[in-house]
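sequence? don't have it. structure:
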């Protein structure tokens, strides 16, 4: 199938490994991955902070690029949640009739990674190999906005050599919440500490999830505490195989930072 | 025939400033900071909310038709709100026909004045009170005290709060922030008739309160209550409770004054079937609450011989006018959303400033007062959505929070000449993120952030409002050497 990758602004700028892993995984499963360089951000941060009118350019761009696409995947539960629930809202308040239709059309075939794999492509065993102890945090928007249920766990259970352990109080929010993390930094930290304790109690090396934003928060806390556990996106586990295993490129206890896996040649000129 | 221009109807008034208890003294983040440092509070609230969450989950789980019940509750409430004007008039007629007197109060000040005059007319200078959110909202106790009338709270937890000169911190369990040693001290210091050898055993504390309150029940000539429901077709009022103190107040005194928010009306007696299942299970995690009192007007020779119903608006009509916010009026005050809220669990109720704490408070208080008077509350949530799942009448609190944030931003923009820093940042980001070329350049610039990384390859604590808020407790990953889109172009070029 031809699948359009909506990388999300955070993964684009901060966690390109997540995009590379998503691409690797989908290609391995025999699909064509396309990436439109005209994409930007879903606008969720603007909507969630109260700047709905300012989200309009991003909502328009998403609808322009993807209303006519076959299938769109984003490695983020909350960005897909925004596409489904917030884009129509912004379009209804500030957009044209046509945009209102386009946003709904685009939302119909935009999926979070685990939804795409399990519901659309019908796979749970993606041929991954990951010989580590892992615990799964089901991020609020995947759990309660998208209702992905146990799809990510179905995928993880099928991973070869994984030691998957249950996270106590898994459905509890990690305290990220977008700008909540800085507007209410103290409360956010109090929530983070409890989530970190739950992660560490499992003895897992890795805490995984379907959202880079929550992982950046949890991983940032674990790193600051020198906790010895780190975070990894679900796509990175699923992309890892026995032949081509995931290789932590930084010391354990640190959040994902990355040297490029495939070096891109230098080139001049702007992006087309 | 001549025409007269009446003008366009404006928004109905908000709850006026300087009255009642809907506004706090501090913004939420500041109030939360002090609460987060209170170890006793943290432990009590975490323990209580965890326990009640478990109980609720058990009694909700045993009902196979829970979701249909929630949907029925939601529809009943939405229907009632859409016809609120008709049902309130019907209620007034039914209560009047059964010998009650109905009073309409535009706001807290008017309601307080009405109740004070009614108490004065009885010649009494003391009233016993049933736990009631509406009377807390309008600050009735403080008002009566200023007018020389003593209001005695008879719910055990409310009594603890009142004797401790404290504020409630939970809708259902107002003294959730106190432990039994503190309660013993409060009773010994303030109750007047507490036994000198009082221990901090819960049963001893309850017995002391019971003895104290029995005297009040037997001497009181006037009671003040709230209402959980009022049935429009019959004029029947209802209070649900656990301790039986409410039953005493509703039956023993000569005069009963009920202060009720206008949104508490339901059309038919039959509708109680739904709410009396939803409420106790969501609230205390019980299949049924111990006491459900219902009364209809006045019955000669039995119970209060004088009954007054004060219908309180205090900003509710304003809430009703907002299509994205009006569902907040559907709340049945069960407090399930408080008990599942990760923010409430850590900060407790006082941080919200208003008598309505937790998720429902974060959407109801700003709407009753106008969003600018409670501007920090819509942001007091990580939007995790646990409240929406728990709500017995399916109020979509997360969407409402997002709506109120937009209302705040837009209201601030209208009122203020100079834009807020945040607004400038957000507009700039919109300009950058609305266009791929600008975004590509900005994302590449992020690489400069690599200069800030420490020896472990991450970025540690930094100053500044946003980055500082983040790095106060979390490291920031160093930006990668290459953005995803640059990598993609590179591998496309290699083909």
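Received it, and whenever you're ready, just let me know what you need. Because the structure is a prediction, the values reported are computed rather than measured. Numbers count the residues shown, from 1 in each chain, chains lettered A, B, ... in the order given.

So which residues of the stretch 151-272 of chain A form strands?
A:163-165, A:206-209, A:230-233 (DSSP state E, counting those that start in this stretch).

right, so of those strands, which gets closest to chain B?
Among the strands of the stretch 151-272 of chain A, the nearest to chain B by Cβ to the nearest Cβ is strand A:230-233 (9.8 Å). All C-beta atoms are positioned from the backbone trio N, CA, C, and that covers glycine.

The closest one: partners in the sheet, and parallel or antiparallel?
strand A:206-209 (parallel) (DSSP bridges).

Mind listing residues that contact the partner strand?
A:132-139, A:142, A:152, A:156, A:167, A:199, A:215, A:218-219, A:222, A:229-234, A:236-237 (Cβ atoms under 8 Å, 6 or more residues apart in numbering or on different chains).

Kindly report the same for stretch A:8-20.
Against stretch A:8-20 from outside (Cβ under 8 Å, 6+ apart): A:5, A:7, A:40-42, A:74-76, A:79, A:212-213, A:216, A:233, A:235-236, A:239, A:256, A:258, A:260-262, B:433, B:439, B:442-443, B:446, B:477, B:479-480, B:482-485, B:487-488.

ok, 6 Å please
Outside stretch A:8-20, the residues within contact range by Cβ atoms under 6 Å, 6 or more residues apart in numbering or on different chains are A:7, A:41, A:74-76, A:79, A:212-213, A:233, A:235, A:258, A:261, B:443, B:446, B:479-480, B:483-485, B:487.

Quick one: the strands of the stretch 151-272 of chain A as CSV, columns for mean pLDDT too.
Converted to CSV, the strands of the stretch 151-272 of chain A look like this (pLDDT from 0 to 100):
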stretch, mean pLDDT
strand A:163-165, 98
strand A:206-209, 98
strand A:230-233, 96
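
The ones you listed: which one's closest to residue B:138?
strand A:206-209 (45.3 Å; Cβ to Cβ).

can you give me the helices in the stretch 151-300 of chain B?
B:156-163, B:180-190, B:202-219, B:245-251, B:272-283 (DSSP state H, counting those that start in this stretch).

Specify the stretch among those that is closest to residue B:321.
Closest among the helices of the stretch 151-300 of chain B, using Cβ to Cβ: helix B:272-283, at 24.6 Å.

ok now the closest one, how far from the chain's centre?
18 Å (Cα atoms, centre = their mean, to the nearest Å).

Next: stretch B:216-225.
With Cα atoms, centre = their mean, you get 27 Å for stretch B:216-225.

and the stretch 1-150 of chain A, which residues reach chain B?
A:7, A:12-14, A:16, A:19, A:35, A:37-38, A:40-41, A:50-52, A:54, A:57-58, A:140, A:144 (Cβ under 6 Å from any Cβ of the partner chain).

For ChimeraX, write the select line for the buried members of those residues.
Entered in ChimeraX, the line below selects the buried ones among the residues of the stretch 1-150 of chain A next to chain B, by 16 or more other Cβ atoms under 10 Å in any protein chain shown:
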select /A:7,12,13,14,16,19,35,37,40,41,50,51,52,54,57,58,140,144
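
List the ones among the residues of the stretch 1-150 of chain A next to chain B that fall in helices.
A:12, A:13, A:16, A:19, A:52, A:54, A:57, A:58, A:140 (DSSP state H).

measure residue A:101 to residue A:214 for me?
32 Å (Cβ to Cβ, to the nearest Å).

Between the two, point out the one with more neighbours.
Using other Cβ atoms under 10 Å in any protein chain shown, the more surrounded residue of residue A:101 and residue A:214 is residue A:214, with 29 against 15.

Chain neighbours aside, what residue packs nearest to residue B:128?
The shortest distance from residue B:128 to any non-neighbouring residue, by Cβ to Cβ, 6 or more residues apart in numbering or on different chains, is to residue B:220 (4.2 Å).

Count the residues that sit near the one you found.
23.

most centrally placed residue in the chain?
Using chain A here. residue A:76 (2.7 Å; Cα atoms, centre = their mean).

nope, chain B please
Chain B, centroid-nearest residue using Cα atoms, centre = their mean: residue B:356 at 2.5 Å.

now that residue, what's its secondary structure?
coil (DSSP: H, G, I helix; E, B strand; the rest coil).

For chain A, what is the nearest residue in chain B?
For chain B, Cβ to the nearest Cβ, closest residue to chain A: residue B:490, 2.1 Å.

Helix or strand: which one has that residue?
helix B:484-494 (DSSP states H and E).

Identify the residue spatially nearest to residue B:213, adjacent ones excluded.
Of all residues not flanking residue B:213 in the chain, residue B:154 sits nearest, at 5.3 Å (Cβ to Cβ, 6+ apart).

residues contacting the one you found?
Applying Cβ under 6 Å, 6+ apart, the residues near residue B:154 are B:128, B:213, B:245, B:249.

I'd like to know which of those is nearest to residue A:27.
residue B:245 (68.8 Å).

Identify the residues contacting residue 246.
Here I'm looking at chain A. Residue A:246 neighbours (Cβ under 6 Å, 6+ apart): A:236, A:240.

nope, chain B please
B:130, B:239.

While we're on it, how confident is the model there?
With respect to pLDDT, residue B:246 scores 96.

related to what we said a few turns ago, quick one: which of the strands of the stretch 151-272 of chain A is nearest residue B:35?
strand A:206-209 (27.7 Å).

now for stretch B:414-427, what's the gap between its first and last residues?
16 Å (Cα to Cα, to the nearest Å).

What about residue 240, how many residues nearby?
You didn't say which chain, so I picked chain A. Neighbours of residue A:240 (other Cβ under 10 Å): 25.

The chain in question should be chain B.
With other Cβ under 10 Å as criterion, residue B:240 counts 23.

cool, and residue A:190?
For residue A:190, using other Cβ under 10 Å, the count is 22.

cool, the one 3 residues further on as well?
Using other Cβ under 10 Å, the number of residues around residue A:193 comes to 15.

ok so, going back, show the contacting residues for the residue nearest to the centre of chain A.
When contacts are counted by Cβ under 6 Å, 6+ apart, residue A:76 touches A:8, A:211.

Quick check: phi and psi at it.
The phi and psi values for residue A:76, taken as degrees, to the nearest 10, are phi -160, psi 120.

Now do it against residue A:48, distance only.
Following Cβ to Cβ, the distance that separates residue A:76 from residue A:48 is 14 Å.

Pull the distance from stretch B:52-60 to the chain's centre.
Per Cα atoms, centre = their mean, the centroid offset for stretch B:52-60 relative to its chain is 20 Å.

what sits up against it?
Counting by Cβ under 6 Å, 6+ apart, residues outside stretch B:52-60 touching it are B:66, B:281, B:285, B:287, B:339.

name the element the residue lying closest to the first one once chain neighbours are set aside belongs to?
The reference is to residue B:66. Leaving aside its sequence neighbours, residue B:66 sits nearest to residue B:60 (Cβ to Cβ, 6+ apart; 5.4 Å). In the assignment (DSSP H and E), residue B:60 maps to helix B:39-61.
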